[in-house]
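S.K.: I would like to see how this sequence folds:
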Amino acid sequence: MEFAQICDRAEFDIATAGPVDSSPLVGTWINSNPDTNGIARLIITGSNADLSVHAFAIGPDGIIDWGTTDGKILASTVTSRLGGGFKCLFDFGFAETYLLGMIAKGLLVLAQFHSFKDGSGRMDYFVREYYALTPQL
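M.R.: All right, here's what the predicted structure looks like:
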């Protein structure tokens, strides 16, 4: 067996494995850049291995509700059961956006991959922004 990197060599007993804990990702995340012209807020909900991502972006007339999509929880390490990140796709028909997020130092680091599918000639682009978890009231 070959491995892509040394941490992939970890021994893992699938018989005792449980679902990945989504709790570190769950909550309302607000963009740390008040002048963003991209995603302003994410609401992430989930339990056990299920995750939903609801995105709100900035538009010319205010907030644009992207709706909710299913997310895939990613563990923090190859043997961990603690959610350290997620990935999801928003498909708008004319364009699609892949979101890859990870928790780092208490922030959500969100990589956004925007691709156009409508033949308009607009360039695909990448954005990385940082989000803070809003406190529970």
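S.K.: Only C-alpha atoms from now on, for both contacts and neighbour counts.
M.R.: Will do.
S.K.: the longest strand in this protein is where?
M.R.: Of all segments of type strand in the chain, defined using DSSP state E, the longest is strand 62-75.
S.K.: Go through it and flag the buried ones.
M.R.: Counting neighbours by 16 or more other Cα atoms under 10 Å, one finds that the buried residues in strand 62-75 are 66, 68, 70-75.
S.K.: just the helices in the protein please.
M.R.: In the chain, no helices are found when defined by DSSP state H.
S.K.: Quick check: which helices or strands does the longest strand of the chain pack against?
M.R.: Using 3 or more Cα pairs under 8 Å, 6 or more residues apart in numbering; DSSP states H and E as the contact definition, the elements that strand 62-75 packs against are strand 50-59, strand 83-91.
S.K.: quick one, it and strand 50-59 angle?
M.R.: 150 degrees (axes from the mean of the first three to the mean of the last three Cα atoms, to 10 degrees).
S.K.: Direction included, what does strand 62-75 pair up with?
M.R.: strand 50-59 (antiparallel), strand 83-91 (antiparallel) (DSSP bridges).
S.K.: and it, average pLDDT?
M.R.: pLDDT averaged over strand 62-75 equals 95, rounded to a whole number.
S.K.: That one: how far from the chain's middle?
M.R.: What separates the centre of strand 62-75 from the centre of its chain is 7 Å, taken as Cα atoms, centre = their mean, to the nearest Å.
S.K.: Residue nearest the middle of the protein, spatially speaking?
M.R.: Most central in the chain under Cα atoms, centre = their mean is residue 101, positioned 3.5 Å from the mean C-alpha point.
S.K.: Next, count neighbours for the nearest residue to that one once chain neighbours are set aside.
M.R.: Using Cα to Cα, 6 or more residues apart in numbering and skipping residues adjacent in sequence, the residue nearest residue 101 is residue 110, 4.4 Å away. A count of neighbours around residue 110, defined by other Cα atoms under 10 Å, yields 21.
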